[in-house]
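Chemist: Take a look and give me a structure for this.
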Amino acid sequence: MPYPRSTHACEHTMNQTANVDQQEVSKFDRVSKLWWDPKGKMGMLHVINPLRSQYVFDHAEVMGARVVDVGCGGGILTETLARAGADVVGIDQSPMSLDVARQHAEKSGLKIDYRLQTVEELVEKEAGTYDIVTCLEMIEHVPDPAAIIDACARLLKPGGHLVLSTINRNLKALLFAIIGGEYILRILPRGTHEYKKLVRPDEMRQWTSASGLQMLGIASLMYNPLRKTFKVAHGKEDVNYMAAFVKKA
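Modeler: Numbering: from 1, shown residues only. Predicted coordinates for the structure are as follows:
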């Protein structure tokens, strides 16, 4: 069943627990042991993590910042933020992924506050207290992505920064990200993404603007299948894209 695409995030009527797709949670529980295997089916996340984290660093001062990583999974980006000097909270709905994240952080000597919590629950207690919110490859896995973006915006202090990443909903994404990436090249576990849940850049712009955010930039991760490498193309809206925003005062 297609999820609702709100014209204004504040107008959604869905309750907090309804904005979690339990099938998606189960999916990530099943692959939780793969998070920290750089040669496994989550390996590409390790390849692109330096590019994504650098995108965060380029748009926000991480050292000493209070940061929440929404949909943190096994903690790949979360640990990078902690190593860069941030005070980091990681939230997710996959208990098994969080267990893996906690264990890996402990082994790595990192202090990270991992919580089994939705972003809507977090904003009830900690609205306006974060300098940076990251939400990477998460909004395409929930029933109401506009509500997630609105909650992320409400977590930020005025002048705080939000970095989002997701996959475009177009023919190229269907061919390359889903059919090519999951079924032919097998660089992602099969069934990771559903085409109807992917998010177009114009939808992201609409939702972020409605939530009081100003876009600072957009970029795409461009994959070279021969070299099996990625590069960042700034200003490009391709298949896998990320965008940075600032909360208006």
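
Chemist: can you give me the end-to-end distance of stretch 83-99?
Modeler: 19 Å (C-alpha to C-alpha, to the nearest Å).

Chemist: cool, stretch 120-131 as well?
Modeler: By C-alpha to C-alpha, the extent of stretch 120-131 from end to end equals 17 Å.

Chemist: Counting neighbours, what do you get for the residue lying closest to residue 151 once chain neighbours are set aside?
Modeler: Of all residues not flanking residue 151 in the chain, residue 119 sits nearest, at 4.3 Å (C-beta to C-beta, 6 or more residues apart in numbering). C-beta here means a position set from N, CA and C on the backbone, and glycine is covered the same way. The local packing of residue 119 (other C-beta atoms under 10 Å) involves 25 other residues.

Chemist: oh, and call the first residue 59 from now on, that's how I've got it
Modeler: Yep, numbering from 59; the last one is residue 177 now.

Chemist: so what's residue 177 up against?
Modeler: By C-beta atoms under 8 Å, 6 or more residues apart in numbering, the contact list for residue 177 reads 126, 128, 149, 193, 206, 209, 210, 213.

Chemist: Can you check my assumption that the first one lies in a helix?
Modeler: Meaning residue 126. No. The assignment for residue 126, made by DSSP: H, G, I helix; E, B strand; the rest coil, is strand rather than a helix.

Chemist: Would you check that it makes contact with residue 146?
Modeler: Yes. Counting by C-beta atoms under 8 Å, residue 126 does reach residue 146; the two are 7.4 Å apart.

Chemist: Would you map the strands across this protein?
Modeler: Assigned by DSSP state E, the strands in the chain fall at 124-128, 145-150, 171-174, 188-194, 214-225, 271-282, 287-292, 298-305.

Chemist: Pipe those into TSV and attach mean neighbour count and distance to residue 264 per row.
Modeler: What follows is the strands of the chain, written out as TSV (neighbours: other C-beta atoms under 10 Å; distance: least, C-beta to C-beta, whole Å):
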stretch	mean neighbour count	distance to residue 264
strand 124-128	26	19
strand 145-150	24	25
strand 171-174	16	29
strand 188-194	25	16
strand 214-225	22	13
strand 271-282	18	11
strand 287-292	14	22
strand 298-305	23	13
